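Novice: show me the folded form of this:
(one chain, ligands or ions: 1)
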Amino acid sequence: MSKQISANEVKEHNTVEKGLYIIIDGNVYEMSGFVDEHPGGAKILKRVGGKDASKQFWKYHNESVLKKYQERLKIGSLKEEAKL
Ligand code: HEM
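Specialist: Numbering: from 1, shown residues only. Just a heads-up that it's a prediction; the model follows:
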């Protein structure tokens, strides 16, 4: 099972310096080492750091992109938490 990461932890990692975490479909990806080679540009990725970027991701990519990069970029999955 992959590492469980809380929504707060994701939120705190919103810059390349601190670690650029993004959520796609409940999985957490660490993008800081990838921003400079992202074909869609660094800026757009930095803007979604610390956030759920599922909607933006599926707008521009398909499943094969995730398959290709998940081994390198995926660091865990979003922890299920009780909602108040
Ligand atoms: C795991 C995360 C991501 C990976 C591995 C990734 C990878 C890639 C790759 C390989 C391409 C080249 C086109 C392709 O092969 O489909 C691309 C293009 C692009 N990506 Fe990403 N990307 C990620 C997340 C995102 C996110 C979150 C956004 C938006 C906020 C984004 C926006 C774009 C845009 C705008 C393009 C250019 C599309 C075009 O020129 O038609 N990407 N990305």
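Novice: please count neighbours and contacts with C-alpha atoms only from this point.
Specialist: Will do.
Novice: would stretch 8-24 count as contacting the ligand?
Specialist: No. Counting by CA under 6 Å from any ligand atom, the ligand has no neighbours in stretch 8-24; the shortest distance is 7.2 Å.
Novice: now do the same end-to-end measure for that stretch.
Specialist: Using CA to CA, to the nearest Å, the end-to-end distance of stretch 8-24 comes to 16 Å.
Novice: centre of the chain to that stretch, how far?
Specialist: Remark: stretch 8-24 is offset 8 Å from the chain centroid, using CA atoms, centre = their mean, to the nearest Å.
Novice: ditto for stretch 53-70
Specialist: The mean C-alpha position of stretch 53-70 is separated from the chain mean by 10 Å, CA atoms, centre = their mean.
Novice: try stretch 56-72
Specialist: Computed by CA atoms, centre = their mean, the chain-centroid distance of stretch 56-72 equals 11 Å.
Novice: and residue 46, what's its pLDDT?
Specialist: We note a pLDDT of 98 for residue 46 in this prediction.
Novice: please shift the residue numbers so they start at 728 in all later answers.
Specialist: From this message on, residue numbering opens at 728, which makes the last subject residue 773.
Novice: so who does the closest residue in space to it that isn't next to it in sequence touch?
Specialist: Spatial nearest neighbour of residue 773, chain neighbours left out: residue 742 (6.7 Å); criterion: CA to CA, 6 or more residues apart in numbering. Taking CA atoms under 8 Å, 6 or more residues apart in numbering, we find residue 742 in contact with 759, 773, 776-777.
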